[in-house]
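Trainee: what follows is a protein structure lacking sequence information:
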């Protein structure tokens, strides 16, 4: 697991919404539980400050780290994906958002950036220069700064379009399905992660692995997916285990948290 991903999980579960800044020592102690070294933790905190995902706040001789508007948005999105939107799209609507683009060949960096944004937003490539995503997607943030070379449409399929075949072609269903099945093999058992020292470590590992999967899941309509699609079962396992781990995880986190009030909290 990438240290930044674990830090964001920790912030989302134990810091987000509380208006506090946390000492580097607390991060180091928490992440040692999942075998992330002190050096890796310190360097990741520094990089996150440079990227605008954390801010430093000094109190006495100690340095503390707090959320920024950018990291708060990331954590809000993670909260929505885990607890609210879910991984199963069982609606009966058949609206799709299409993004078409034709960018100059010299714009290699912009083309790569656009593809990354499209994948993050749940789009899959329908054909060269045309990407598709289920539902009504607000693509304004996806295509910002790219000018008139990008077009956005909302549409419904018509016969003889085979939507199951289209979905198979546009998305890596085999890869996504295997990620869910690997999650189930690891966590759907009586004593998951027995190597972890406590439930804080289990909770951090569980939610970090889960977020890494669902952030690549475009929530395709269930009727277009294989009959044995494993996402819903994996989601039940994740939620059940999180509730099981929560009491001890919160207790351990409370013991190790060295925190001070966030001076910018009232400004948000």
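Mentor: Looks like it arrived, so ask away. Keep in mind that this is a model prediction, so the values were computed, not measured.

Trainee: identify the residues contacting residue 183.
Mentor: For residue 183, the contacting residues are 209-210, 213, 234, 237-238, by Cβ atoms under 8 Å, 6 or more residues apart in numbering. Just so you know, the C-beta spots here come from the backbone N, C-alpha and C atoms, and that holds for glycine as well.

Trainee: for it, give me the pLDDT.
Mentor: What the model reports for residue 183 is a pLDDT of 98.

Trainee: strands of the stretch 151-268 of the chain, start to end?
Mentor: Using DSSP state E, counting those that start in this stretch, the strands of the stretch 151-268 of the chain run over 259-261.

Trainee: what of the stretch 1-150 of the chain?
Mentor: Counting by DSSP E, counting those that start in this stretch, the strands of the stretch 1-150 of the chain are 20-23, 54-59, 62-67, 96-101, 124-127, 130-134, 150-155.

Trainee: what packs against the lowest-mean-pLDDT helix or strand in the chain?
Mentor: One helix or strand of the chain scores below all others by mean pLDDT, DSSP states H and E: helix 140-143, with a mean of 74. Helices and strands touching helix 140-143, by 3 or more Cβ pairs under 8 Å, 6 or more residues apart in numbering; DSSP states H and E, are strand 96-101, helix 108-120.

Trainee: would you mark the buried spots in that helix?
Mentor: Of all the residues in helix 140-143, those buried under the rule 16 or more other Cβ atoms under 10 Å are 142-143.

Trainee: quickly note the distance from the closest residue to residue 238 other than its chain neighbours to residue 187.
Mentor: Excluding the flanking residues, the one nearest residue 238 by Cβ to Cβ, 6 or more residues apart in numbering is residue 210, at 4.8 Å. The gap separating residue 210 from residue 187 is 9 Å, by Cβ to Cβ, to the nearest Å.

Trainee: comparing these two, which residue is more hemmed in?
Mentor: Higher neighbour count among residue 210 and residue 187: residue 210, with 25 against 19, using other Cβ atoms under 10 Å.
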